[in-house]
Structures are given as structure tokens and as C-alpha cells.
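> below: sequence and its predicted model.
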Amino acid sequence: MKSISERLGVLFLLLLSTGAAATLFVGQASTTMNNSGDSPVLQILFALLYLLVLYWLIPLYKDTLFLLSQERWMALLILFALASTIWSVDGGETLRRSIGLTGTTLAGLYIALRYQPKEQIRILAVCIAVGAIGSLVVGLAFPGMGVMAGGAWNGVFFIKNTLGRMMSLGVLTFTFLALGQRRYRIISIVMICLCTLLLLLAQSATGLVVCVLMLAAIPFRHLVIRPNRSLTSAILVVAMITIPVGFLIWSNQDSMLNALGRESSLTGRLPLWHAVRSEIDQRPWLGSGYTAFWSTGDAERYRQTLGWDAPNAHNGFLDMALGLGVVGLAIFSIGMLRNFARGIVVAGQSDELEAAWPLFFLIFCFLYNLTESTLFSGNSVFWMLYTANAFWLVRAMSWESALEPVEDEPPSAIGGLIES
């Protein structure tokens, strides 16, 4: 049985990792920071919560070691990030960030051990609901805090892109809730509408595109439970449709980006990506150290040349190659591909919608990682849930032989939205 304190601890950790509650502890002045995680207050809070997670994991050390041994590419990636402190251009920055990454990974592992996907969805829904309702209140009552200079909303988050990212995930999360259970379906539909409204107010083109793609993909989840011959035929049909459509979009990208209010440079991303690629060429194999480059003078020079304060490469795969080189990117890519394969297998073994959640969350992270660095980051809800789903998929495929199933109990102490 999970205690009330444990449930509340996990809920608070996830809420803090979304960034929604950061202003409660840091204040408005920190919105000028490139990353809210730079705040000493938040660093202390996360450190205490990760120590609590480590304490919770001690009685589960056998299952923990088993999962780490099975998801070896994940473990290798974290160890490689820690080791990059040795050759990093800013060893202190790399060590600090990689420790946070390690704590986030352990939190994800604990969630995988203790929470089924349907429970993960409910707890995540509560966190997003807090952020969405808070953003609506702040945007209406305190526009100086919740609305940026250009008119785009940031709500209780630090920047509009974070609000857009979380609301895009919110639409997907509450859609899973609305389709997967009848209880509180009206609340889920209301939250879908609120998240959609805030997504539009955030003026996040990436969030809108990813949201539409994820919703459009939900009906196709049944393809993975059909016989192989039917699946092959379905893939061919989808390919026959998507390839011409993709070519059409690529050929008319300028007009489509203008319709979304974006320039063909993707709001300065293309020049940034070109600069990052040239920097990767300087240290192609091992990189410049996990997240270290963005604290150097070279990064500041790029910012001045490009004319905007880029906190990262705005592409998770480029940031991975920049920090950990081709070796780190290869380790991460192999792990992601294995998780894709596991997600498909697990989703195909059950008719329940929640069984497809790990696969859909992985696709969501992949799509968002193309234009933003949202995934491989410490103290981030996306990395925490990515690792949680990766480790849970290992559990699902090794259930009878290695691990005792965790009782699927409703977290009733947290609130109605996460009750079964």
C-alpha cells in the first residue's frame, strides 16, 4: 500500500518538475533566468525530494537493480553524462546538472516501480490541472505576470513555450482520461477545453502542431494489435498518404509557417542549429560536456550574433550531440528505439487505452524534441516520465519472471481526478 505522504510526495515532485509551482518558491524576479532550475531554492527542494526518493528505493533495491540491469542503455547514458565532467568545458556546470539528471532518473525509476500507467496519467492530470487553472487565474487577474510583452500568455510558467508544451501534453493526458474512464469524464472534457484555450493563448506553434498530431494518432493505436499482415498493409496505406502530404508540406513550408505566424527560419532556430552543428564539429565524439556549452563565452558570442538569448539548441538531438557527442547521441538513440519497440509490443497486448500511454508519451517527447530541448534535462517532468515509462515497459515485459506485480490501487488520497 502507498501511504498518503508517499502519494503527496510524488505529486509535489511532479508538480515542481512541470515548472508550474516554481514561482511560489522563487518569485517573479527569476523569470529573467534562462532556466528556473538555476534557482538555489529550487535546487535545494529538488535535492531533498531526490533524497526522499532514494530512501523510498532502499527497500526495493532488488527490483531497482533488476530494472537498471535490463534498461542498461538508460543507465549507461546517465553514467556517460556524469563521466563527461572529466572532459567538460565547464566541469562544475556539468557535474551539477548531471547530478540533477541522475536524481530525476531515479525518481522516474521509482514511479515505474510503484505506479501503473493509468495512475501516472491521473497524477500527471492533477499537476497539469493545477498549472492550467493557475495560469488562467494569473493571466486574467495579474496580466503583468502571466502575459508576456508580445501578448502571448506564459501563465504561472516562466515562458510561453513552457505553457504551450504543458498544455499540449495536458490535452493528450485528459483525452486519455476521457476515453479511458467514464468517471469524471465531464471534468476531463472541461480540462481539454481549458488546455486548448491556454495553448492558443500561449501562441505556441510547436505545441499546437504536436497536439494535433498526437490526437490524430490515437485512432491508429489499434493497428498494433492487428495481425502482422494487416499491420503491414495498414503501414503501407499510411505511408502512401503521409509521404505525399509530407512532401507537400515541405514544398510549401514558407506559406504554412507564415500562416502559423512563424518565419521560414523557425523563429531563429535555423541559424541557431547551423551554429550548433559547427560547434559539434569541434568535439564530435565526446562533446563539450553535458549542458556545459551554454555557460561558456562561445555560447554568449552566438547569442549576440543571433540577436536572441538562446538557452539551448532548441533541438534535443543537437543538444545531445553538443554535450555528449556522437557517442552519447548513439546511446540515447539506441535506448529510444528499444523503448519504441517495447511500447508497441505492450500496447498490442491489451485493448485498454492506458496500455498505449508509454508509446504515446514517447512519441510526444520525440516530436517536441525536434524543435525544443525538452527531454534530456534534469528536474524536468518530461525526463522523469520518459524514464518512468521506459522502466515500466521493462517491468511489463518481465512481469512474471522477475518482478512481483504492483497492486493497481486508486490514489484516492490525492483527489477525485486521480481516483479510479
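Structure's in. What do you need? Numbers count the residues shown, from 1 in each chain.
> what residues sit buried inside stretch 354-370?
Buried positions in stretch 354-370, judged by neighbour count with 16 or more other CB atoms under 10 Å: 354-369. (C-beta placed from N, C-alpha, C; glycine too.)
> go through those residues and say which is closest to residue 222.
Of all the buried residues of stretch 354-370, residue 356 has the smallest distance to residue 222: 9.4 Å, by CB to CB.
> for the closest one, helix, strand, or coil?
On the three-state scheme (DSSP: H, G, I helix; E, B strand; the rest coil), residue 356 is labelled helix.
> correct me, but it touches residue 347?
Yes: taking CB atoms under 8 Å as the definition, residue 356 is a contact partner of residue 347 at 4.1 Å.
> residue ranges for the helices of the stretch 151-300 of the chain, please.
Assigned by DSSP state H, counting those that start in this stretch, the helices in the stretch 151-300 of the chain fall at 160-180, 185-201, 205-217, 228-251, 253-259, 269-280, 297-306.
> adding mean neighbour count, write those out as JSON lines.
Formatted as JSON lines, the helices of the stretch 151-300 of the chain follow (neighbours: other CB atoms under 10 Å):
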{"stretch": "helix 160-180", "mean neighbour count": "25"}
{"stretch": "helix 185-201", "mean neighbour count": "18"}
{"stretch": "helix 205-217", "mean neighbour count": "19"}
{"stretch": "helix 228-251", "mean neighbour count": "11"}
{"stretch": "helix 253-259", "mean neighbour count": "12"}
{"stretch": "helix 269-280", "mean neighbour count": "17"}
{"stretch": "helix 297-306", "mean neighbour count": "14"}
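> what's the closest of these to residue 112?
Among these, helix 160-180 sits nearest to residue 112 (CB to CB), with 17.6 Å.
> ok, residues contacting stretch 108-121?
With contact meaning CB atoms under 8 Å, 6 or more residues apart in numbering, stretch 108-121 is reached by 2, 6, 10, 53, 56-57, 60, 63-64, 67-68, 123, 173, 176-177, 180, 354-355, 357-358, 383-392, 394-395, 406, 408, 410-411, 418, 420.
> buried subset of those residues, written for PyMOL?
Selection of the buried residues among those in PyMOL, burial being defined by 16+ other CB under 10 Å:
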select buried, resi 2+6+10+53+56+57+60+63+64+67+68+123+173+176+177+180+354+355+357+358+383+384+385+386+387+388+389+390+391+392+394+395+406+411+418
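> distance check, the most centrally placed residue in the chain against residue 133.
The residue lying closest to the centre of the chain (CA atoms, centre = their mean) is residue 382, at 2.2 Å. From residue 382 over to residue 133 the distance is 21 Å, taken as CB to CB, to the nearest Å.
> which regions of the stretch 151-300 of the chain lie under the pLDDT threshold?
Within the stretch 151-300 of the chain, the stretches with pLDDT under 70 are 223-268.
> switch to 90 and redo it
158-161, 180-184, 204-206, 216-276, 295-300 (pLDDT under 90).
> about what we covered before: residue 367 is in contact with the residue nearest to the centre of the chain, correct?
No: when contacts are counted by CB under 8 Å, residue 382 is not listed as touching residue 367 (11.8 Å).
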